Each structure stands twice: as structure tokens, then as C-alpha cells.
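Colleague: Sequence unavailable; structure follows:
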């Protein structure tokens, strides 16, 4: 066969596969159909169907935890199971929730709604009117896409409001100002940035058209997005506006006043207290505050010109602030101390802040704490917490002030953990940096373990060791080993760890992942041909790059909902919003580094690339399915028969629109990995 290696680094715009970017095009759809048939013929069949059925039953089980949020005394939950694959929006009382079988009041049966309206509705969430919570703006997605239809719903009549607020399909959302007024931030009607998000914030009054709503705030088209929020903890109910210049840079406005802040900060407001978390060192008020710290000050003092901040959190090399939440005047800090969860409670007062810890929570695995009340202004001090690790399913706890945690629910095991252990290790990357990773599997080394390895390494997102039913049932229970790598580009150790794997330094993210794979071999856990690696979205860059840069360290690769073509990514769907993470391919000096990890351009004929499956979804309107399509097509055109492709018609930026679809997507991917590493 003739070899077509286009596009190449030397001719990056000579792309013969652009027609595959036409998502619903006839030619592209026919190609997808042929590829799906090829992949399903090779790796589908009775075992995949059996695995998908088993996994779907776990995801749909009736005794899983129904995580609630409180509104006006009711506990709300969105629930899916085998009988309701699209889901139920429902509520119950606090007393009933504590029972083994709560009495749920169903508000919306999404399966019934989709059938009645002939729509492929997927739940996108609900935003209820504060205080009364008698009406809600419902978000409905077609097939799982990010774009949603907004419709007003009456909770008492269980029906959509006739002549109520309705907004056609678009990315964005609304928040309530009062009973008859919404704050609208939507890409509907052309109010769109180059990233495809809202460019304006409008005041939408009942009975008027959204396009006629007056503009309160507007950002340049080159910004990422515009948004707004009402501070209900302030008696004046001011509106705050945010110009997301880029993914990590913001301008903050209180009504019509722009705050005197650097753009690289995150802010928060609660009951008159103003928090600032700078990404980098900030010189202000005659002091130098370190990046990643958290500062507090009274908002009125800040607006009056004071910069006399209180240092609420000071980071260390491997001690960072993972997040925070306010609840009834208390500030709860979520801290990772060398990846160990720690929670501190700070209470502000006129004479300073007091500091305590949240007692009774585990100090291993993954622990999350959040407010029981959905609306911060309605919080009464009660918190919820969940805890889990790779071998311990999640539990749900109630944390009341001054009391020990009360366990409300426990998730049942999804797989047998007998004989399995969880251990932490560190690999040494190319520049000497220590890269943590978590290994779960049988104790002891055999040198031949079938390893499932995953990582992310982007956008400052921290990868944590969750309980994963899919890995547990389809990999660990069968004698395999799983590894989660904490590579640079993530948020495990704060902004420095993120920046060390961002932009021109993104190559270190890939070096780190390859170093973990090598360390597994060095420690005698396995050999390269038995390592199966999976990554999705930003992790898709990672996996595709493992194919072209470190092909000898892996036996098989699963690249899902991936970003791959770094020449055109900023022109596809939401791609422009990620320039702050990767760089701008239209600038020659930045394309110079982007091309080094654009596997689409780096792939060349005649290499010993490991088998790879690219899997995406047609309804992904965040990362364009063209990335995966074009990469698979190019590899096949260069003669790589072990390059595969799969694309179901729905699912959005995920693995499916319901548990059955997600289960099949995962089962097929794992069947491919097991087959190609010789572990059947």
C-alpha cells in the first residue's frame, strides 16, 4: 500500500483528513461506521457484553449512596438505575433519608420526559429559586453535550411553567436574582467568545425575550467567557462579574467597580469577608505574599484601600491548599500534606481568626467535605463528608458543629478486594524530580503483572486514588494491578507542580508518566509489554505521546475523548480556552514547542508503536471528535494495522449518556487492553 504520512512537522497544515472534522458529514459518518464495525468485530463479542452487563449492574445498583443537597429543608438527589437510565430528580426529608429505604418524592422522571417529547434528554442539573425553592431552571442536554436547553419548572405542580423562562440549546447558564429575574450568561444568540462560551451577562426579566435582555457586563471576544453571580450573604445582594481572560486569569468586578487585583488570582466572598488566592508571589501593601497562599480581609476594608491581609494558609513544597468552602461563617480548608488529606476550620472575628481541625475524618485515601445546603447563604453549619480509597468504597458522613461525624450511608463493595493491597511509591523523572504514584493489586512482585496505568497531568487537576468499580471488577478482581500516576501538570503540589508541566514544559508531564512505567519494571512488578495505559481528554495528549515518544515502555494504549492535533486544537470547539495550558499554535515561537507533543504530526511510518485504541463520542462538543478520528486515520494510512477507533453516537465529553453505554465503552476498552498485552 502507498504510505501517506501527512500532516508532518515540516508541513503541519497539509492535512488530508480535515473532512473527518465534519462531525455529522456523510463521508465522515460512513468512515466512523466502518471503523466501529472493525473494532467491535475484533474485540467485541460475548465477553465484552457480559462485562458490560456486570459493570452496568454495579453502576445501577439500588444500594449505592444517594448523595443529597438540601434546599428549604428537603434533601434533593439525582438518581439513575436500570429502570431509570436517564434518571430521576427527587427529594425526601432528612428523617427519611437516614432510613434504609427513604421515601423519595419524584419531581422529574427524565426517561418519561424524553419519551413523551421524543428527545434524547440527559440531565444537566437544576438551579432552584433561593429561600422558597419552589421553582427551578432545569438544564437538559441532548445526548450528553455541554450545550443545554434551559426550562423553568414548578416543583409543586411537577410541570414546566407555561410561558415561563425557556432558552434554546447553548452553552452557559442562569442564576436567580428574584422570583421574576434571571442573570443570564449564555452563548445563545451570538453572544459568544472565540472559545464558544458566553461573552455577555444579561438581566433577563420574565415575559421578555432573552435576546432583548439588557447587557450588564460584556467581555472581549478573545476572552474565554463572561459570568456573574449574586452574593446572597450580603444584605445589599450585589452582583459580581468575572471576565475569564484565560483559563487561569480573571478580572473581577463588584457591580461596576473593577477590583484592584492581579489577574492570576482566585477570589471568594462570604458575609463580608474577602478571600484572595494568588497563583504567584504577590507584592502588595509592603509585603510579599507567596503564590498558592490564602489571604483574608474584610471586603469593605479592601474596597476602602486597605491591603492589611491575614495569612490564612501558607503553602510548603508538598503541602498545598486543595480547596475551601464557607459554611455558616466558618471557613473549611481542604489541605493535601504530601497528598494526605487534612481539614482545618477557621472562624473570623474582629480580633482575628481562630483555627481548629475537623475531627474524626480519615487521613488516608480520598476525603471530601462540602456543605449540606446547596445555597451558601442558607447554610446552618452542617457539612457532608465522603471518604474512600482504591479498596474501600465510599461512605457518606454528616458533620455537625461540636459533634463526631455520623455515618449516614456506606456504598457496598463492587468487587472482591481479597489479597489486594494499596501502596505508595515514587519514580525519578528525567530531571531528578520525584513522581508519586499509587499502586493497587496483589502483594509481592512477579515481574509479569498485567498493569492498568493512568494519569492526567493538566490544568492543575489533582489525580487522587478513588475507589473505581470498573478497574476493580474488570482488572483487579481478575488478578491485575492498577497504577495512578501523580505527574506534573496536575495540582498535586500546587501551582509550581502545575506550571512544571504546562506550555513549553508539557514534555515533562510525558517524561513523568514514562518514568513511572519504567519504575514498575525496575521494581520487578511487571515488564513493558504488560503495561496497559489509559488516558482521556488532556490525558489523551499524554497517551498519544506515549505512543510516539516512549513506545517501548507500553504493551497497549487506550486514548479516550482525546485532544491530539495541537496545530488545530484552538480552532475546534472549546479549544481556544486551553491556550493558557498549552500555548498558541498560531504563534511560531509557541508552535515550536507544541509540535513536539502533537502526536498527530510526530507520528511517522515504520515505527514499533504499541497497539492503540482511540475512542471518543460524536456528541462531545468540548473536545472535537475529529482529534481521535484523524489520528486513527493517519496511523492506518501509514500502515499501522494495530491502530483502532471507536465512536458511539452519544455521550458528550464522557464515556456514554447512561450507565449501560458507559459500561459498554469501558468493557470494550479494557477488552482491547487485555487482549493486546496478552492477558486473556
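Modeller: Structure received. Keep in mind the model is a prediction, meaning the values are calculated, not measured.
Colleague: Now residue 573: closest residue in space that isn't a chain neighbour?
Modeller: Of all residues not flanking residue 573 in the chain, residue 624 sits nearest, at 4.9 Å (Cβ to Cβ, 6 or more residues apart in numbering). Glycine gets a C-beta too; all of them are placed from N, C-alpha and C.
Colleague: who are the neighbours in contact with the one you found?
Modeller: Contact analysis of residue 624 by Cβ atoms under 8 Å, 6 or more residues apart in numbering lists 21, 23, 572-573, 575.
Colleague: any weak-confidence spans in the protein?
Modeller: 1 (pLDDT under 70).
Colleague: Tell me where it has helices.
Modeller: For the chain, the helices defined by DSSP state H occupy 26-43, 46-59, 94-97, 110-117, 299-303, 469-471, 494-499, 506-522, 538-549, 579-582, 588-594, 599-602, 626-637, 659-676.
Colleague: Can you list the buried residues in the fifth one?
Modeller: When you say that, I think you mean helix 299-303. Residues 299, 302 are the ones in helix 299-303 that count as buried (16 or more other Cβ atoms under 10 Å).
Colleague: any idea how far that helix is from the chain center?
Modeller: Distance, stretch centre to chain centre, for helix 299-303: 34 Å (Cα atoms, centre = their mean, to the nearest Å).
Colleague: Could you list every helix and strand in contact with that helix?
Modeller: If you count contacts as 3 or more Cβ pairs under 8 Å, 6 or more residues apart in numbering; DSSP states H and E, helix 299-303 packs onto strand 273-278.
Colleague: still on that earlier bit, most neighbours among the contacts of residue 624, please name it.
Modeller: Neighbour counts for those, by other Cβ atoms under 10 Å, peak at residue 575, which reaches 23 neighbours.
Colleague: quick one, what contacts it?
Modeller: Residues near residue 575 by Cβ under 8 Å, 6+ apart: 195, 563, 568-569, 623-624.
Colleague: can you put the contacts of residue 624 in TSV and add distance to residue 300?
Modeller: Shown next, in TSV, are these (distance: Cβ to Cβ, whole Å):
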residue	distance to residue 300
21	52
23	51
572	45
573	42
575	41
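Colleague: what's the closest of those residues to residue 57?
Modeller: Lowest distance from residue 57 to those (Cβ to Cβ) belongs to residue 23, with 32.4 Å.
Colleague: what's the most distant pair in the contacts of residue 624?
Modeller: Pairwise distances across the contacts of residue 624 peak at 14.3 Å for 23 and 575 (criterion: Cβ to Cβ).
Colleague: hmm, back to that, between the contacts of residue 575, which is nearest residue 63?
Modeller: Nearest to residue 63 among the contacts of residue 575, counting by Cβ to Cβ, is residue 623 at 34.3 Å.
Colleague: mind checking how far the residue nearest to residue 573 is from residue 22?
Modeller: Going from residue 624 to residue 22 by Cβ to Cβ, to the nearest Å gives 11 Å.
Colleague: so what sits against both of those two?
Modeller: Here residue 624 and residue 22 have no joint contacts, going by Cβ under 8 Å, 6+ apart.
Colleague: Show me what residue 484 is bridged to.
Modeller: Beta bridges link residue 484 to residue 438, residue 454 when assigned by DSSP bridges.
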